[in-house]
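Asker: Next come a sequence and a model predicted from it.
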Amino acid sequence: MMVQLCRRGAHAVISQLVNSSCRWMILALLAGSLMSLATAAETPDGASSNLRQFGVQCDGSDETGAVQAALNSLADGGLLDFNCRVGIRQVSLANRSNVTLTASNGGGVLLLADSADPWTRAFLITNCSSCTVQGLFFEGNNKNIIPFSIEESASSTVSGLIIQNVGQAGAAFVGMHNRGNRYLNNTIRSVDVTRSPAVNDTTRGMWIGNVSDTTQEVNVEVSGNTLIDVSGTAIAVHGSGITVTDNNTARLNWGCIKVLPLGGYGSTLVANNKCSGAGAKWVIGGGIMTEYWNSSDETTIIRDNLIEAYAESDLSRIPDSPSNGISIANPVGKMTRNVQILNNTIRNVLYDGVQVSGSLDGFVIDSNLIERTFSGRQWNGIAIQGDTGKSVSNGVIRRNLIRGKVTGILLAANGGVLSGLTLEKNAFVSVSEDGVHIEVKNGGEIAGVGASGLCFAEIGRSAIWDNRPRPLEQRPLPILLRPRFGAVRVQTCADPRLNQ
């Protein structure tokens, strides 16, 4: 009844304000309108808002302006709910603390713009302290642009994002020059799948930090993420104090994890990750690599990872992918130090299970299973390569089980230097050529190599092959078990990993 009276006498109320009840109603409506306008302009500290409050339709059209207004309104301590999936070109959030971006109803963004610059960001967060980004869906729409990036921020967590259908860009997910950030339980899938990494510089899954002081990531955790059908490296991290754990990958066309420890702020851990290239479209990838330099008092530990490269069905489809299981590689003049490769399982890598091709000082390769589980040639279990200008020194290779490879352990100095290496209690089973192969050429040098407790079973050529003037001799003599006259094998080496 009151509303009807107000409607009936609106012209009189406005001109004369004679009805006190109508006056009360009008003032209340005006106050509500002003409050809504204030909310749209700026959300008070600790307040919550959602995209729908800013008038978005979420119909696939370009609503960049409304989304940017929503982000601009977010004050320190506030929360913005992406409660639908909205089309954007480029948006950003900067200079905030303790804000939360979250999603409901499958909310997030639909990318609408391409960029000729592969490092253009569609959704950029900068200078955000103790911020949280969780649960947003990024539909890449196969656009050539980075879907998400967080930069120059501290103690922030990005978790539960889904990023898919990414085109040609630097990466699907970027973190740059942050300190103490965590990137947890995100899913990244279908990244640049129309291009081969053997031909192009393809899009990475997660690109974290870079090699300069102004770009490296410090004290970063990358854990629990899932990456599927990625054309470039799945996870690449550059910085110091790096933790990469419990990530799961499938159908990788290039590397699984690449860490570049730059020294200064802490050690690096790569552990309990599952890496697989089986079934990939272009190249069978899935390996783990560390390279570049670190300080002499820091350690890189690569342990308890499962690397499964080829599936048997991939052999006829992609007969030669130049991939390794775990690699240490440096350019000439750079030195990696203090690497531990422990208790990893590495299966069906066509090239080397563990490959050291860069300068390295102080390392342990211990208790790894490196094996071939189906027919075909797979090269070396462990390869230590000293090419011209490079040196590898002070290493222990022990308690590894190498099964089904062409060569068990390769020590090769092709113009470079290998020194101070110990081979201890390794087991070589069903190796088609040499258990241990030591070769010097082109002025290289191998010195100070010792061996003990090695076991050889079903070796195709030599237990130990060494072309140096004074070949390696194991003390006591190696255990060599082979079937006689083509009989079925009834003896083999015990698993050295079980006797620690």
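Answerer: Received the coordinates, thanks. Numbering: from 1, shown residues only.

Asker: May I see the buried residues of stretch 399-418?
Answerer: 399-413, 416-418 (16 or more other CB atoms under 10 Å). C-beta here means a position set from N, CA and C on the backbone, and glycine is covered the same way.

Asker: got a list of what the most centrally placed residue in the chain touches?
Answerer: By CA atoms, centre = their mean, the chain has its centre lying nearest to residue 235, at 1.8 Å. For residue 235, the contacting residues are 204, 205, 206, 208, 222, 225, 227, 244, 247, 256, 257, 258, by CB atoms under 8 Å, 6 or more residues apart in numbering.

Asker: and which of those residues is nearest residue 330?
Answerer: residue 258 (12.8 Å; CB to CB).

Asker: From what I see, the closest one and residue 232 are in contact.
Answerer: No - look at residue 258 against residue 232 with CB atoms under 8 Å: they stay out of range, at 10.1 Å.

Asker: how close does the spatially closest residue to residue 282 that is not a sequence neighbour sit to residue 267?
Answerer: Spatially, and ignoring its direct neighbours in sequence, residue 282 is nearest to residue 196 (4.0 Å; CB to CB, 6 or more residues apart in numbering). Noted for residue 196: a distance of 35 Å to residue 267, by CB to CB, to the nearest Å.

Asker: Also residue 495?
Answerer: 29 Å.

Asker: Between the two, which is the more surrounded one?
Answerer: For residue 495 and residue 267, the more surrounded residue by other CB atoms under 10 Å is residue 267, and the numbers stand at 19 against 14.

Asker: Let me know the pLDDT of the more buried one.
Answerer: We note a pLDDT of 91 for residue 267 in this prediction.

Asker: Could you double-check that it lies in contact with residue 297?
Answerer: No - counting by CB under 8 Å, residue 297 is not a contact partner of residue 267; they are 9.2 Å apart.

Asker: ok, so what distance separates residue 427 from residue 399?
Answerer: On the measure of CB to CB, residue 427 and residue 399 end up 8 Å apart.

Asker: Find residues that contact each of the two.
Answerer: With CB under 8 Å, 6+ apart, residue 427 and residue 399 have common neighbours residue 496.

Asker: Go ahead and confirm residue 128 touches residue 155.
Answerer: No - contact criterion CB under 8 Å: residue 128 and residue 155 do not qualify, at 9.4 Å.

Asker: Pick out whichever of the two has more residues nearby.
Answerer: With neighbours defined as other CB under 10 Å, residue 128 and residue 155 compare such that residue 128 has more, 25 against 16.

Asker: tell me the SS of the more buried one?
Answerer: The three-state label given to residue 128 by DSSP: H, G, I helix; E, B strand; the rest coil is strand.

Asker: quick one: it from residue 181, how far?
Answerer: 10 Å.

Asker: Check residue 56 too.
Answerer: 28 Å.

Asker: so where do the helices sit in the stretch 401-500 of the chain?
Answerer: Taking DSSP state H, counting those that start in this stretch as the criterion, the stretch 401-500 of the chain carries no helices.

Asker: I meant the chain, not that one.
Answerer: 2-8, 10-16, 20-41, 64-73, 314-317 (DSSP state H).

Asker: what pairs with the residue nearest to residue 207 when sequence neighbours are not counted across the strands?
Answerer: Using CB to CB, 6+ apart and skipping residues adjacent in sequence, the residue nearest residue 207 is residue 171, 3.6 Å away. Using DSSP bridges, the beta-bridge partners of residue 171 come out as residue 204.

Asker: need the contact list for residue 171.
Answerer: Here residue 171 is in contact with 146, 203, 204, 205, 206, 207, 232, 236 (criterion: CB under 8 Å, 6+ apart).

Asker: Swap in 7 Å and give it another go.
Answerer: Residues in contact with residue 171, defined by CB atoms under 7 Å, 6 or more residues apart in numbering, are 146, 203, 204, 205, 206, 207.

Asker: most surrounded residue in those residues?
Answerer: Of all these, residue 205 has the most neighbours under the rule other CB under 10 Å, reaching 32 neighbours.

Asker: Hmm, residue 191 and it touching each other?
Answerer: Yes - Residue 205 is in contact with residue 191 according to CB atoms under 7 Å; the separation is 5.8 Å.

Asker: anything in contact with each of those two?
Answerer: In contact with both residue 205 and residue 191: 172, 230, using CB under 7 Å, 6+ apart.

Asker: Show me where the stretch 201-350 of the chain has its strands.
Answerer: 204-208, 217-223, 226-230, 235-245, 248-250, 257-261, 268-271, 274-276, 288-291, 300-303, 306-308, 326-329, 336-342, 345-347 (DSSP state E, counting those that start in this stretch).

Asker: which of those strands sits most buried?
Answerer: strand 204-208 (a mean of 28; mean count of other CB atoms under 10 Å).

Asker: Check the spacing between residue 202 and residue 229 real quick.
Answerer: 12 Å.

Asker: wait, residue 183
Answerer: 19 Å.

Asker: okay, and the common contacts of residue 128 and residue 181?
Answerer: 150, 153, 156.

Asker: pLDDT and distance to residue 102 for the residues you listed - can I get that in TSV?
Answerer: Below are those laid out as TSV (pLDDT from 0 to 100; distance: CB to CB, whole Å):
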residue	pLDDT	distance to residue 102
150	98	15
153	98	17
156	98	14
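
Asker: Filter these down to the ones in strands?
Answerer: The members of the shared contacts of residue 128 and residue 181 that map onto strands under DSSP state E are residue 150.

Asker: who wins for most neighbours among the shared contacts of residue 128 and residue 181?
Answerer: residue 150 (27 neighbours).

Asker: didn't that one look like it was pressed against residue 161?
Answerer: No - Residue 150 is beyond contact range of residue 161, at 10.7 Å (criterion: CB under 7 Å).

Asker: re the thing from before, tell me how many other residues surround the residue nearest to residue 282.
Answerer: Residue 196: 15 surrounding residues under other CB under 10 Å.

Asker: So it is in contact with residue 281, correct?
Answerer: No - using CB under 7 Å, residue 196 makes no contact with residue 281, being 8.0 Å away.

Asker: Find the residues that touch each one of the two.
Answerer: What both residue 196 and residue 281 touch, as defined by CB under 7 Å, 6+ apart, is an empty set.

Asker: pLDDT below threshold where in the stretch 201-350 of the chain?
Answerer: Low-confidence segments of the stretch 201-350 of the chain, defined by pLDDT under 70: 293-296.
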